[in-house]
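[1] Generate a structure from the sequence data that follows.
(2 chains)
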Amino acid sequence: MTTSSNLVYLIALPLFSSAILLLLGRIADKWGHIVATLVSASTFVIAALEFVSMRQRTGDARAVHQDLFTWISVGTFNVHASLLLDQLSICFVLLISGVGTLIHIYSIAYMSHDHDRRRFFAFLNLFVAAMLLLVLGDSYLNLYVGWEGVGLASYLLIGFWNQKPAYAVAAKKAFVANRIGDVGLSLAIMIAFAQFGTVSFTGVAAGVPHASPAALTALGAMLLLAAAGKSAQFPLQSWLGDAMAGPTPVSALIHAATMVTAGVYLITRSNFVFDASPTAQTMVLIVGGITLLFGALVGTAKDDIKKALAASTMSQIGYMILATGLGPVGYAFAIMHLLTHGFFKAGMFLGAGSVMHGMNDEVNMRRYGAIGKVMPITAVTFGLGYLAIIGVPPFAGFYSKDKIIETAFNAGGTKGILVGGAALLGAAITAFYMTRVIVLTFTGTKRWDDEAHPHESPSLMWIPMVVLAIGSVASGFLFNSGHALVNWLAPVVNASGEHDAKEFLAPLTVSLLALGVVAIGVAIAILKYRSNVAVEAPEDVSILTKIVRRDLLQDDFNDRVLVRPGQALTRFFVAMDNNFIDGIVRGVGGVIAVSSTNLRKIQNGYVRSYALIMVIGVLALIATIWMVTL
Amino acid sequence: MDISNYLYLSAILFTIGAVGVVVRRNAIVVFMCVELMLNAANLAFVTFSRINGDLVGQVASFFTMVVAACEVVVGLAIIVTMYRSRRSASVDDASLLKR
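    Below is the predicted model of the structure:
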């Protein structure tokens, strides 16, 4: 373990800049976005330098540790605020600071007409700081601070245009859904403390072999709940679609590339817990499998380009969660898919933002069409991201997604066929809905109004898109050549050096199978959407389509099962409070008021009545003395 | 004659005074009733002095007389002032404190 004193700047710089921009207020309007972008770029430079020096070290010396201060010290329980940069966190740090910087640059142009651009950049910096703390914390408690920080930043940014009530509601929904996951994480921390007396990653990892299976399963389940909340996994997935209310760069950075992958990070970081508890691991598999199909199905029916991409994000994170559920072999592929997804999905979101920018913020794909001709750079970069996500070789998604499908099949037995089949089916649906997006948006005939004058976006916007597109093309090959990423991550996620027990299907077969179903998905989408697209979504559709359009009834379910009973319970408590509790308080007050009103009548002001009372009192006193002495 | 008869007389005088204070409205009469009660007490003191064969009770009655004299001065002055301002010597009319 190497020690370093540079790690803290990764967090301190963006946090400080965010505070400055928020505190200075309108004074910083002119230069706030430049400062924020430079700070973000400087975090990337620090991260890149750390990466270079990490590569020069070998073995255990690669991990970098920095102890900041003693945070909590109670008896034998000590929590240090300290940072850990190892092979796993550096992947995230580079992704967050790299994609984060590109999106800062993009936002300078995208938000240029917004009155509150400085505030936007302050929140972006806050997010970068919190996200870096999340991946750098060396204990669950340090991670938790970052975890809550990104939740706050996400809330602030989804509701950035909170003058529109619907957007404010979306922000609140995301926050509440995230809170449920956060409760899971805090319970996990409590279980870890109760079981192991420590909350640091190394401490928990050391204690796992001696812990009871029940405790490990509970710990794993709570960690999974936390991951489901933050990563929009079933059953806490409903907030992600509404989170698209935020500005598009936010959707690209927070709700596609980084924050929503925090759940994958959490599970990968806690690999020792899941490896020791097969039950928890199976739950992870189930959640991942359900979500990847759920998101893909929702994606097929969305006409809003951002919501289609959001459903796709949900589905792709489902792939990552599924991969983490496959044990030591899967973690590296989950991270690989996470990184390639960070490139192509962020790139596509920026492309969607670019289209919206040129189309007066129109998001309905049925009113796009033939945009490729007027926005060539956007179309090409988006197209490269598209090829990456559906998994066409040699683009990034091919390597990462095929590896997941292959590992899923190799899990063996019925389990292997189930999860492998789900992953394969997901790939086919992915190909369908992504083709639908690209056909509706960039090809076909123009369906937009004459008031819209789509035009290519400024260079500040297309340069980040080009960089991300290059990543979508090359990253998969780079990660996979010579098992580079797998070997790099092995010390953290696969210490025992486990390999697949046996190959269920040869890698080539899996690739061909995947390409086959992808081709089918693409073909269906092209046939269905290449022409005659109605500007309004058709109403005479089957009941299944209607259900999918309503997000597979997720909101209806939540509304019926959670929201309305919750509101009824609240109304009951309010009625209890008003009638019962307040009734007692008011009753006591009333009794005292009535009795004192009556008691007051004794004080009538007549001397003679006072004298009479005195006489009676004296007589009573004498009588008492007489009785007692008798 | 039994000496305790003085005590009975004292008690009867005190009771007459007390009842007078309670039932009469005229401030002068109430005042006189108060004096009657004081004198009933004086009688009791003197009787006890006689029973005990010392002078303590008689001394106490002198103190009572002095206090009564002072009280008469102050009390009559108040009654006269009240009568002047309100044209009434009824104690029930002077019930302003309850408001």
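
[2] quick one, longest helix in chain B?
    Of all the segments of type helix in chain B, defined by DSSP state H, the longest one is helix B:56-86.

[3] packing partners for that one?
    Using 3 or more CB pairs under 8 Å, 6 or more residues apart in numbering or on different chains; DSSP states H and E as the contact criterion, the neighbours of helix B:56-86 among helices and strands are helix B:27-52. Any C-beta I mention is one placed from the backbone N, CA and C, and that applies to glycine too.

[4] buried stuff in the helix it packs on?
    Residues B:27, B:30-31, B:33-34, B:36-49 are the ones in helix B:27-52 that count as buried (16 or more other CB atoms under 10 Å in any protein chain shown).

[5] before we move on, what about stretch B:78-97?
    Using 16+ other CB under 10 Å as the burial criterion, the residues of stretch B:78-97 that qualify are B:79, B:82, B:89, B:91, B:94.

[6] again, but for stretch A:44-63
    Applying 16+ other CB under 10 Å to stretch A:44-63 flags A:44, A:46, A:47, A:50, A:54, A:62, A:63 as buried.

[7] Now do the contacts for the fifth one.
    Meaning residue A:54. With contacts taken as CB atoms under 8 Å, 6 or more residues apart in numbering or on different chains, residue A:54 has the following neighbours: A:62, A:64, A:85, A:87, A:90.

[8] just checking, next helix/strand downstream of the helix or strand hosting it?
    Taking DSSP states H and E as the criterion, the element that holds residue A:54 is helix A:32-56. Using DSSP H and E, the helix or strand that follows helix A:32-56 in sequence is strand A:64-74.

[9] Touching that following strand from outside, list them.
    Contacts of strand A:64-74 with the rest of the structure, by CB under 8 Å, 6+ apart, involve A:1-8, A:50, A:54, A:78-86, A:138, A:141-142.

[10] In strands only, show me the residues you listed.
    Secondary structure assignment by DSSP state E places A:2, A:3, A:78, A:79, A:80, A:81, A:82, A:83, A:84, A:85 of the contacts of strand A:64-74 in strands.

[11] Show me which of those are buried.
    By 16+ other CB under 10 Å, these give A:79, A:80, A:81, A:82, A:83, A:84, A:85 as buried.

[12] Please identify which of the residues you listed is nearest to residue A:508.
    When those are compared for distance to residue A:508 (CB to CB), residue A:85 comes out closest, at 37.4 Å.

[13] who's the residue lying closest to that closest one once chain neighbours are set aside bridged to?
    Residue nearest to residue A:85 in three dimensions, not counting chain neighbours: residue A:64, with 4.3 Å by CB to CB, 6 or more residues apart in numbering or on different chains. Residue A:64 has these beta-bridge partners by DSSP bridges: residue A:2, residue A:85.

[14] Just send the buried ones among the ones in strands among the contacts of strand A:64-74 back as TSV, with distance to residue A:339 and pLDDT too.
    As requested, those are exported to TSV (distance: CB to CB, whole Å; pLDDT from 0 to 100):
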residue	distance to residue A:339	pLDDT
A:79	30	86
A:80	29	87
A:81	28	89
A:82	26	89
A:83	21	90
A:84	19	89
A:85	16	89
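
[15] These: which two are farthest apart?
    Between all members of these, the longest pairwise span (CB to CB) is found for A:79 and A:85 and amounts to 18.6 Å.

[16] that older thread, and the buried residues of stretch A:44-63, which is closest to chain B?
    Closest approach to chain B among the buried residues of stretch A:44-63 (CB to the nearest CB): residue A:46, at 81.4 Å.

[17] Residue of chain A closest to chain B, please.
    Of chain A, the residue with the smallest distance to chain B, taken as CB to the nearest CB, is residue A:605 at 2.9 Å.

[18] how about that residue, secondary structure?
    Using DSSP: H, G, I helix; E, B strand; the rest coil, the structure places residue A:605 in coil.

[19] Just give the number of residues close to it.
    Residue A:605 sits with 13 neighbouring residues when counted by other CB atoms under 10 Å in any protein chain shown.

[20] re earlier: turn the buried residues of stretch B:78-97 into JSON lines, including distance to residue B:11 and pLDDT.
    Shown next, in JSON lines, are those (distance: CB to CB, whole Å; pLDDT from 0 to 100):
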{"residue": "B:79", "distance to residue B:11": "28", "pLDDT": "90"}
{"residue": "B:82", "distance to residue B:11": "32", "pLDDT": "88"}
{"residue": "B:89", "distance to residue B:11": "29", "pLDDT": "85"}
{"residue": "B:91", "distance to residue B:11": "25", "pLDDT": "84"}
{"residue": "B:94", "distance to residue B:11": "30", "pLDDT": "77"}
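
[21] And those residues, which is closest to chain A?
    Closest approach between those and chain A, by CB to the nearest CB: residue B:91, at 4.8 Å.

[22] Which residue, other than its chain neighbours, is closest to that closest one?
    residue A:607 (4.8 Å).

[23] Next up, the contacts around the one you found.
    B:30, B:91, B:92, B:94, B:95.

[24] wait, which of these is closest to residue A:599?
    Each of those was checked against residue A:599 using CB to CB; the closest is residue B:95, at 18.0 Å.

[25] residue contacts, the closest one?
    Remark: with contacts taken as CB under 8 Å, 6+ apart, residue B:95 is in contact with A:604, A:605, A:606, A:607.

[26] Which pair of those residues spans the longest distance?
    When CB to CB is used, the two most widely separated members of the contacts of residue B:95 are A:604 and A:607, lying 10.0 Å apart.

[27] Am I right that residue A:269 is in contact with residue A:204?
    No - distance between residue A:269 and residue A:204: 10.1 Å, which falls outside the contact criterion (CB atoms under 8 Å).

[28] how far out from the middle of the chain is stretch A:286-304?
    For stretch A:286-304, the separation from the chain centroid amounts to 16 Å (computed by CA atoms, centre = their mean, to the nearest Å).

[29] just stretch A:320-337 next, same as before
    Distance of stretch A:320-337 from the chain centroid (CA atoms, centre = their mean) equals 18 Å.

[30] In stretch A:144-154, which of the residues would be classed as buried?
    Along stretch A:144-154, the positions that meet the burial threshold by neighbour count (16+ other CB under 10 Å) are A:144, A:146, A:147, A:148, A:149, A:150, A:151, A:153, A:154.

[31] Residues touching that stretch, excluding its own?
    Contact with stretch A:144-154 is made by A:123-124, A:126-127, A:129-137, A:174-175, A:178-179, A:182, A:185-186, A:189, A:226, A:230, A:243, A:254-255, A:259, A:262, as judged by CB under 8 Å, 6+ apart.

[32] Would you mind writing the PyMOL command to select the buried ones in those?
    Buried residues within the contacts of stretch A:144-154, by 16+ other CB under 10 Å, are selected in PyMOL with:
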select buried, chain A and resi 123+124+126+127+129+130+131+132+133+134+135+136+137+174+175+178+182+185+186+189+226+230+243+254+255+259+262
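
[33] Among the contacts of stretch A:144-154, which lie within helices?
    Among the contacts of stretch A:144-154, the ones falling in helices (DSSP H) are A:123-124, A:126-127, A:129-136, A:174-175, A:178-179, A:182, A:185-186, A:189, A:226, A:230, A:262.
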